[in-house]
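Q: Starting from these lines, generate the structure:
(2 chains)
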Protein chains: 2
Amino acid sequence: MSIGLTEFVTNKLAAEHPQVIPISVFIAILCLCLVIGHLLEENRWVNESITAILVGAASGTVILLISKGKSSHILVFDEELFFIYLLPPIIFNAGFQVKKKKFFHNFLTIMSFGVIGVFISTVIISFGTWWLFPKLGFKGLSARDYLAIGTIFSSTDTVCTLQILHQDETPLLYSLVFGEGVVNDATSVVLFNAVQKIQFESLTGWTALQVFGNFLYLFSTSTLLGIGVGLITSFVLKTLYFGRHSTTRELAIMVLMAYLSYMLAELFSLSGILTVFFCGVLMSHYASYNVTESSRITSRHVFAMLSFIAETFIFLYVGTDALDFTKWKTSSLSFGGTLGVSGVITALVLLGRAAFVFPLSVLTNFMNRHTERNESITFKHQVIIWWAGLMRGAVSIALAFKQFTYSGVTLDPVNAAMVTNTTIVVLFTTLVFGFLTKPLVNYLLPQDASHNTGNRGKRTEPGSPKEDATLPLLSFDESASTNFNRAKDSISLLMEQPVYTIHRYWRKFDDTYMRPIFGGPRRENQPEC
Amino acid sequence: MSIGLTEFVTNKLAAEHPQVIPISVFIAILCLCLVIGHLLEENRWVNESITAILVGAASGTVILLISKGKSSHILVFDEELFFIYLLPPIIFNAGFQVKKKKFFHNFLTIMSFGVIGVFISTVIISFGTWWLFPKLGFKGLSARDYLAIGTIFSSTDTVCTLQILHQDETPLLYSLVFGEGVVNDATSVVLFNAVQKIQFESLTGWTALQVFGNFLYLFSTSTLLGIGVGLITSFVLKTLYFGRHSTTRELAIMVLMAYLSYMLAELFSLSGILTVFFCGVLMSHYASYNVTESSRITSRHVFAMLSFIAETFIFLYVGTDALDFTKWKTSSLSFGGTLGVSGVITALVLLGRAAFVFPLSVLTNFMNRHTERNESITFKHQVIIWWAGLMRGAVSIALAFKQFTYSGVTLDPVNAAMVTNTTIVVLFTTLVFGFLTKPLVNYLLPQDASHNTGNRGKRTEPGSPKEDATLPLLSFDESASTNFNRAKDSISLLMEQPVYTIHRYWRKFDDTYMRPIFGGPRRENQPEC
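A: Now for the predicted structure:
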């Protein structure tokens, strides 16, 4: 008799778990992508996203040849995979690594860019496509589709520009671009969900206001939940001091609580990505001071790594998806029509972004006109902020798939056309605008040319002494406050220097009440230390 | 009109992704478990596994009350979740954190315990149950079931004992218990898979030999694949030196390659857990010296954390499963019958383990009789090794579910009886034997009493000077070798001190060829350094 153990085991697991083969292939390609990304690190024209897209496209070609033209996909697009597993680490990491001082300091500006900006951009892109698409012969989209397109193409991907900007030399610019990038992602997703529910049959003048009201409700409750979970985690870590027995537990608690905040938000029908973002900010501000040194190093790197893998994963997917000829064939548009529609979207993206970056910058400069620091947003900086948000990335793709496909598949010609157009716009903006970012930044900020060593892995927090020296506010304390006219009462100060005043009161509150309870170092320049 | 954004979002994600609620609840309970485990850390009667089981049982009770007796489960048991996501990090971490010097040094002993031991134990438990179950009135199991039961109850869980043993004071004992624990897991799973394919209809005398032959083939190819992936990773990390640009990439490559080794093994129908174990050993031996300091710290903690979460997760599941009254009702056994069957299994576990620990220890002592070091396994140590492997854990549960249920559900009374009995044996051995471990170790090794500070999070590698001092071999080098009789030729040395000689040649080979290519520090006591 023959036992045939080998034959038995052959394909047993593969048969039981059909995803073994695609997962293996995808992980192997991810590794390849990391190695190529590393080798091209010196080449500043190509960034991580471009590498991943190109490697994805190459893999797609190989798979297309092996499957004899049947498919270019390794994995089927899974909305759940994206929204439950890939997005949370990216957003949490953004919150965790954000330069909190700068983020809070420029809070109002970042919020106006990230929230009001998305609204303006959505309106322009929605109306623009609604007006222009029929003129190009592209019909069949509903009002909801047009609004969804507005939100899909309002979510930006600023990673490419952040790799080039130097945070020590242009702290304000870096902070604005980074801050807007993360708030923008959250806003787009929340707004996208809000658009899904508008009842177009009974549209009244109240609609816009109600969308905005619901948006504000979601925004504030999600933020509060994130802050709550972050504070609880910090408090537990400080009170129990897990590191006494095991650093493993500290880390596990941080990772689990971060993920729990996202899941809780989804459970309570809030915006998970806003919650997880603020949970990350709070954990980084308080909790990371309550753990052992090795846990602090580890947590920072773990979150960066998870985010990195998730981002690469998504761009790889976009790359393979670009070769999905089924969608191309299903599309209702001819080659020329596709080019026209993509061109219109790209033009509207350029316009929609210009329509809020320049006016809001002027407004911010007006609000800050009384500050002593020379921190107004110059025109050159405005151009860079505008440019930095032109790239469209992972979130756009995910939202487009959510709107126009069912689990990555669509048989409807109009929907297929929108998916292919989204892919083209993402590829075009990432590749072409991405390639041009370096020359543009060098042209506008020539002093930066010799310092382009920043990279994604280095988006870390340590406040270098140099950096603090460029920000007089951060050495602002009780005794130094006599430099200001003490006669002015708080109200008039608030009117003239609103951001400064809020920031100053927040710092006092943080030092007096929050840090003693939730953890974090006393500020060295505080006299009472 | 009403936009109803809130109602829209309400339960939208929960409806689309039905696992949001159970995942949230499970993560919250995991966090609770970590906190309770931390608070009970000082209490040496209770360990992490016991805490998780008890918290799981408590949660199960609450869920049972909420669901009015319908279910005690939060998550449905998912074989895939266990074998594809939970087991690999546990085994990889075991390989990564294993004290390599000691592991290689005691390689033959560990292998004889971990491989031959499992065979002996499987034979005794299989024959014992086959002989005794019908006498207890428990019938209906096939020959395959009995063999599967043998492998299921041959996989040990040594975590409990490792928390109590002190690796600096009893290095040999710790190394044997730890090493056996990881090899044992791998062997049980491979043997379980081998048993599945025996064709009992045409059984001949060759069967046992063929199973053993196939087992050896699987064992060696899986090991080679793990070593290969580990070496490739080390080589790539050393050659490209990712840390130059980004520590994130180093970490990502290590994590992805580790997981890839597991998936590749499954793809090629090999044993993933053996592969991932040896991949872990190789990465820890070479690759971890090729990365930056922060990546070294991070990788160690990340793998420990993932393993910790996975283990806690499994024990939590076992706890909730204990209250699954559906299985209790479906079981073909009465209460007394269940006690009898569980008692028989527990007795056979005790016997099956005694049947190989003592004879193999005597054999090992005989093999090492010529060594100069006083490193024989004393009778007290033999008793501790025997006791350390009595606990049954996560692997037993997973294999039992695989054999006797379909996705955690069974309607067959005999299968339900086996699942409940497995749960009882795991609970009994973990709780009762676990509780007794501390007093036993203290009685047998009284000098250890004041040093019980070890814990899972601290199973780390750093070779302390103290430790090296207790191991003369590790300061054995070219010049010191004159202490030995140089006139003896290698062959006779090999005959008399096989382990020493192999280890010595391996060290020379490692220093001369492997480390220069794959990374790792030169040994300080080497004259050429």
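Q: Where does the prediction get shaky in the stretch 151-300 of chain A?
A: Flagging of the stretch 151-300 of chain A using pLDDT under 70 yields the residue ranges A:159-160, A:163-164, A:166-168, A:200-204.
Q: so when I look at residue A:31, I'm seeing a helix, right?
A: Yes: with DSSP: H, G, I helix; E, B strand; the rest coil as the criterion, residue A:31 is part of a helix.
Q: Now do the contacts for the closest residue to it other than its chain neighbours.
A: Using Cβ to Cβ, 6 or more residues apart in numbering or on different chains and skipping residues adjacent in sequence, the residue nearest residue A:31 is residue B:256, 5.2 Å away. Backbone N, C-alpha and C define where each C-beta goes, glycine included. Contacts of residue B:256 were listed using Cβ atoms under 8 Å, 6 or more residues apart in numbering or on different chains, and they are A:27, A:30, A:31, A:34, A:309.
Q: Can you get me a residue count around the second one?
A: Using other Cβ atoms under 10 Å in any protein chain shown, residue A:30 has 21 neighbouring residues.
Q: picking that back up, Throw the contacts of residue B:256 into JSON lines and include pLDDT, thanks.
A: Listed next are the contacts of residue B:256 as JSON lines, based on pLDDT from 0 to 100:
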{"residue": "A:27", "pLDDT": "89"}
{"residue": "A:30", "pLDDT": "89"}
{"residue": "A:31", "pLDDT": "91"}
{"residue": "A:34", "pLDDT": "87"}
{"residue": "A:309", "pLDDT": "89"}
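Q: Dihedrals phi and psi, the residue nearest to residue A:170 when sequence neighbours are not counted?
A: With Cβ to Cβ, 6+ apart as the criterion, residue A:170 has its nearest non-adjacent residue at 6.7 Å, and that residue is residue A:445. Main-chain torsions, residue A:445, degrees, to the nearest 10: phi -120, psi 70.
Q: where exactly do the helices run in the stretch 1-150 of chain A?
A: Along the stretch 1-150 of chain A, the segments classed as helices by DSSP state H, counting those that start in this stretch run A:5-9, A:12-16, A:20-39, A:48-66, A:79-80, A:87-97, A:100-105, A:107-111, A:117-132, A:143-152.
Q: Just name the most buried of those helices.
A: Mean neighbours per residue, mean count of other Cβ atoms under 10 Å in any protein chain shown, is largest over the helices of the stretch 1-150 of chain A for helix A:87-97, with a mean of 26.
Q: touching chain B at all, that one?
A: No: residues of helix A:87-97 are not located near chain B by Cβ under 8 Å from any Cβ of the partner chain, the shortest gap being 10.1 Å.
Q: can you list the residues that contact that helix?
A: Here helix A:87-97 has contacts from A:178, A:181-182, A:185-186, A:258-259, A:262, A:272-273, A:276-281, A:283-284, A:299-300, A:303-304, A:306-307, A:309-311, A:394-395, A:398, A:459-461, using Cβ under 8 Å, 6+ apart.
Q: now swap in stretch A:117-125 and tell me
A: Taking Cβ under 8 Å, 6+ apart as the rule, stretch A:117-125 contacts A:147, A:149-151, A:153-155, A:180, A:184, A:187-188, A:191, A:212, A:345, A:348-349, A:351-353, A:355-357, A:360.
Q: 7 Å instead, please
A: A:149-151, A:153-154, A:184, A:187-188, A:191, A:348-349, A:351-353, A:355-356, A:360 (Cβ atoms under 7 Å, 6 or more residues apart in numbering or on different chains).
Q: And those residues, which of them are buried?
A: A:149-151, A:153-154, A:184, A:187-188, A:191, A:348-349, A:352-353, A:355-356, A:360 (16 or more other Cβ atoms under 10 Å in any protein chain shown).
Q: give me the low-pLDDT residue ranges for the stretch 1-150 of chain A?
A: In the stretch 1-150 of chain A, residues with pLDDT under 70: A:1-18, A:43-46, A:69-72, A:74-79, A:99-100.
Q: The residue nearest to residue A:31 is in what secondary structure piece?
A: In this structure, residue B:256 sits in helix B:247-267 according to DSSP states H and E.
Q: Which SSE is immediately downstream of that helix?
A: helix B:272-285.
Q: which helices and strands sit right next to the helix or strand just after that next one?
A: Using DSSP H and E, the helix or strand that follows helix B:272-285 towards the C-terminus is helix B:293-321. Contacts defined by 3 or more Cβ pairs under 7 Å, 6 or more residues apart in numbering or on different chains; DSSP states H and E place helix B:293-321 against helix A:247-267, helix A:293-321, helix B:20-39, helix B:48-66, helix B:87-97, helix B:247-267, helix B:394-404, helix B:413-428.
Q: roughly how far is helix B:293-321 from the heart of the chain?
A: 13 Å (Cα atoms, centre = their mean, to the nearest Å).
Q: buried residues in that helix?
A: In helix B:293-321, counting by 16+ other Cβ under 10 Å, buried: B:294-321.
Q: Most proximal residue of the stretch 101-250 of chain A with respect to chain B?
A: residue A:246 (3.1 Å; Cβ to the nearest Cβ).
Q: Tell me how far that residue lies from residue B:91.
A: 20 Å (Cβ to Cβ, to the nearest Å).
Q: repeat for residue A:333
A: Distance from residue A:333 to residue B:91, by Cβ to Cβ: 51 Å.
Q: go on, residue A:292?
A: From residue A:292 to residue B:91 the distance is 26 Å (Cβ to Cβ).
Q: for residue A:286, what are its contacts?
A: A:234, A:518, A:519, A:520.
Q: ok, now residue A:440?
A: Contacts of residue A:440 (Cβ under 7 Å, 6+ apart): residue A:387.
Q: Excluding chain neighbours, give the residue nearest to residue A:510 in space.
A: That would be residue A:520: by Cβ to Cβ, 6+ apart, it lies 7.9 Å from residue A:510.
Q: Could you check the pLDDT of the one you found?
A: On pLDDT, residue A:520 comes in at 77.
Q: hang on, the earlier thing: just the buried subset of the contacts of helix A:87-97, written out for ChimeraX, thanks.
A: Buried residues among those (16+ other Cβ under 10 Å), as a ChimeraX selection:
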select /A:178,181,182,185,186,258,259,262,272,273,276,277,278,279,280,281,283,284,299,300,303,304,306,307,309,310,311,394,395,398,459
